[in-house]
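In: got a predicted structure plus its sequence, pasted below:
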Amino acid sequence: MRIEQCSFCGSPIYPGHGTMLIRNDGKVSRFCRSKCRKSFNMKRNPRKLRWTKAFRRAAGKELVMDKTHEFERRRNRPVKYDRELMATTLRAMKRVQEIKEKREKAFYKNRMKVKKHQEKMEAKQDLERHVDLVLAPAARNKEKTAAVVQAKDSEKEKEKKKKAVAMETNVRPCFQLSSHQHCRVRLRKRI
């Protein structure tokens, strides 16, 4: 069973699937579905369409230069059947597939490192911007009460300062008055 590759998108074509186009010059093109065939006929560039393997390779989203790809190349040289050679070839194919999958995972992981770091930084900035949404109501109430206590403390300190100033000038106001009324009250008390 031979699994061909689509000439346009690069996806595998299994036996009994897809279509084949043979030009007058003898060049054979295989397509996995009508979408690929129609795009090819419209002379679209597969490297510009995001869903094709050519785009993924050109954009650096898939491995391009790797020794495991050489094993997939087609060899038209006929080889005499040998049972041992066939067995070793099958074992080698499995091993190559394992290595290829391992390398692809490592490649993907390295590619996603940058994205993870970027997402962390964005999340951190969001937290800094919208901290009030994250805090629990009890914590918010604590902050409010702390602010109120600080405001009360500052008011008490101001009152103490006023009292100290009033004691220095020997004036004990009972209620708030303007400055000239204050003087009259003081004069009345002394008389």
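Out: Thanks, I have the structure now. Residues are numbered from 1 along each chain as shown.
In: would you mind giving both backbone torsions of residue 20?
Out: phi -130, psi 140 (degrees, to the nearest 10).
In: count residues in the vicinity of it, would you?
Out: Residue 20 is flanked by 12 other residues according to other CB atoms under 10 Å. The C-beta positions use only the backbone N, C-alpha and C, and glycine is treated the same way.
In: skipping its backbone neighbours, what lies nearest it in space?
Out: In this structure, residue 20 finds its nearest non-sequential neighbour in residue 30, 5.2 Å apart by CB to CB, 6 or more residues apart in numbering.
In: need phi/psi at the one you found.
Out: Note on residue 30: backbone dihedrals following degrees, to the nearest 10 are phi -110, psi 140.
In: and it, how many neighbours?
Out: 18.
In: what distance do you get for it to residue 75?
Out: Distance of residue 30 to residue 75, given as CB to CB, to the nearest Å: 18 Å.
In: can you pull the contacts of the residue nearest to residue 20?
Out: Applying CB atoms under 8 Å, 6 or more residues apart in numbering to residue 30 gives the contacts 4-7, 13, 18-21.
In: let's go with 7 Å and repeat that
Out: Residues counted as contacts of residue 30 (CB atoms under 7 Å, 6 or more residues apart in numbering) are 4, 6-7, 13, 18, 20.
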